[in-house]
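> What would the 3D arrangement of this be:
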Amino acid sequence: MMRRNNRQESSVLPKYGNSMSGYSSSTASGLGVGLGCDNNYKAKNNSGRGYGGHYEKESYVNKKRQSYSEFVDVFPPFSVWLKKSSSWLGLCLAFFVLLSCYYQTRFDYLKRELRVDSLDQLIERHHSLLSMAPSTTSPSHKTEERIAILEQQNSKLKTEKNQLKVIYETKLKTELKDKLKDDSRILGREEALKDQIYLLKESAAHESRRAVTDKFGPGPHFVEFTFLMPSDENEVEHHFVVETAPLDYMPHAVHLFLEQVYHELWDSSWFYINGPHVLQAGPMLEEDEEGTDGEKFENDRLVALQPFIEKQLDSLAFPEYSEFFQHEEWTMGFTGRPGGPDWYINKQNNTVSHGPGGQNHYDLEEEADPCFAKVVKGFAEVKMIYNQATIEEGDDWEFFFWEPIFISRARVIPKPLELENPHHKSHNSSKHHHANFHKFQKPELHYEA
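Next up, the predicted model:
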């Protein structure tokens, strides 16, 4: 009976083949196990509670096995398939787990990247973006901001400038006020000094005018010079006459010149320079045979000036000048500042070069050489002196005479009977004299006493 039943089972389930035997054995074993477990459970249960928790655990496992056996008995094809596909199922399960982990990771990443913030988070994020806006603005906006900053700085600088200006102006006004006060004081002193100088000049002029009038008369005054030509072995005397300027024009210079002549200080003097525009005379010692060097000339010059210095007639008190008696041709003027004792004859019109501002090598260049007399007779004799040889230009002694012209004497004389015209040798009437020297006549001037 058992064999027949087995054949029938094999014919009913032919497609499972030999697996059925396995199924039967497993089923039997399962049932046997189940039964064995059950018997054991009963035996143990009957024996008492000595096993404790171990017994309960073992009972639970047996129950699970029994349920599994029942499941296999109900679904025999599935158990066969499960035994054959256990390895593939493991691989699929592992692949599914890995794929799940990968997609979970990607999902978390995308969730973080594409998360939707709450309203408060959105507002906070918006404010943060607005605070970062200047750094992400366009170049034009940056330029506008820079311009605004520069305008603020400019406004600040203007404010500081105005403050400094107020401080500077206040300080400057104070300093300027003090300076003006000092300047006004200095100007006041200068004006006072000028007034004193003017008064001193006027006083000297008054005294000179009175002294000349008392001693030599009211004028005009004439002086005759006598000189010798070095080429004349017979020592023939030559003369020329000069007329002094009116006392109203040049009283101080005329007074000095007449006093020098009166004290015979021009006796034994010399014409020693024959320049292009002047013929100059002055006190000098007689030249010796050894020649003259610079140091010896200066020493001799000091010795020759001693008579003038002793008489206190070596210089003017101030450089007197009058626009009514200027340095025209044939006039005479004092050299140096303030003037004297040397004098010269103008060989040409030197009104500009010897007038005010013409001698700019002096400290007070606005001053002029005093012009005090004019040659009125002996023009030919003076021209003889012009023609004498001088040392060539370029030498240290240029324009000095090779042989100076000796002035033997100078004397105050009465008015000559005849006066000459510079362009003619002689004149026969005094009417012509007055015509030539009409410029010496000056309108009456009133001086304060």
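> C-alpha from now on. contacts and neighbour counts both.
Noted.
> Can you give me the first-to-last residue distance of stretch 129-148?
Length of stretch 129-148, first residue to last, CA to CA, to the nearest Å: 22 Å.
> mind listing the helices for this structure?
Along the chain, the segments classed as helices by DSSP state H run 2-12, 19-47, 53-74, 76-84, 86-113, 119-131, 139-216, 251-262, 294-310, 379-386, 430-436.
> For the stretch 251-400 of the chain, which segments are assigned as strands?
With DSSP state E, counting those that start in this stretch applied, the stretch 251-400 of the chain shows strands at 269-274, 278-282, 331-334, 343-346, 371-377, 400-413, listed in chain order.
> can you redo these as TSV with distance to Leu157?
Converted to TSV, the strands of the stretch 251-400 of the chain look like this (distance: least, CA to CA, whole Å):
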stretch	distance to Leu157
strand 269-274	72
strand 278-282	69
strand 331-334	67
strand 343-346	69
strand 371-377	66
strand 400-413	73
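> Quick check, pLDDT for Ser19.
In the prediction, the pLDDT value recorded for Ser19 is 41.
> The one 4 residues further on too?
We note a pLDDT of 40 for Tyr23 in this prediction.
> Then His423?
In the prediction, the pLDDT value recorded for His423 is 67.
> Begin at 38, not 1, for the rest of this chat.
Happy to do that; since the first residue is 38 now, the last one works out to His460.
> Quick one: residues in contact with stretch 185-203.
Contacts of stretch 185-203 with the rest of the structure, by CA atoms under 8 Å, 6 or more residues apart in numbering, involve no residue at all.
> Just the buried residues of it, please?
By 16 or more other CA atoms under 10 Å, stretch 185-203 has no buried positions at all.
> pLDDT averaged over it - what is it?
88.
> ok, of the helices of the chain, where does mean pLDDT dip lowest?
If these are sorted by mean pLDDT, helix 467-473 sits at the bottom with a mean of 34.
> ok so, going back, so can I have CSV of the strands of the stretch 288-437 of the chain showing mean pLDDT?
Rendered in CSV, the data for those read as follows (pLDDT from 0 to 100):
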stretch, mean pLDDT
strand 306-311, 95
strand 315-319, 96
strand 368-371, 97
strand 380-383, 97
strand 408-414, 97
strand 437-450, 95
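> Tell me which of the ones you listed lies nearest to Phe362.
For those, proximity to Phe362 was assessed by CA to CA; strand 408-414 is nearest, at 6.7 Å.
> ok, and what's touching the closest one?
When contacts are taken as CA under 8 Å, 6+ apart, the neighbours of strand 408-414 outside the stretch itself are 277-282, 287, 290-291, 358-359, 362-364, 367-371, 456-459.
> Filter these down to the buried ones and hand me the PyMOL line.
Selecting only the buried entries of those in PyMOL, with 16+ other CA under 10 Å as the criterion:
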select buried, resi 277+278+279+280+281+282+287+290+291+358+362+363+364+367+368+369+370+371+456+457+458+459
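> Tell me how many other residues crowd His391.
His391 is flanked by 22 other residues according to other CA atoms under 10 Å.
> That one and Pro407: what is the separation?
As defined by CA to CA, His391 lies at a distance of 9 Å from Pro407.
> Quick check: Ala426 touching Glu435?
No: between Ala426 and Glu435 there is no contact under CA atoms under 8 Å: 10.9 Å.
> quick one: which of the strands of the stretch 288-437 of the chain is nearest Ala242?
Set against Ala242 and scored by CA to CA, these come closest in strand 408-414, at 13.3 Å.
> The closest one - which strands sit beside it in the sheet, and in what orientation?
Sheet pairing for strand 408-414, assigned by DSSP bridges, gives strand 274-281 (antiparallel), strand 368-371 (antiparallel).
> Please convert these to TSV, extending it with distance to Arg222.
Converted to TSV, those look like this (distance: least, CA to CA, whole Å):
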stretch	distance to Arg222
strand 274-281	43
strand 368-371	37
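> out of these, which comes closest to Ala341?
Go through those one by one with CA to CA and the one that ends up closest to Ala341 is strand 368-371, at 17.2 Å.
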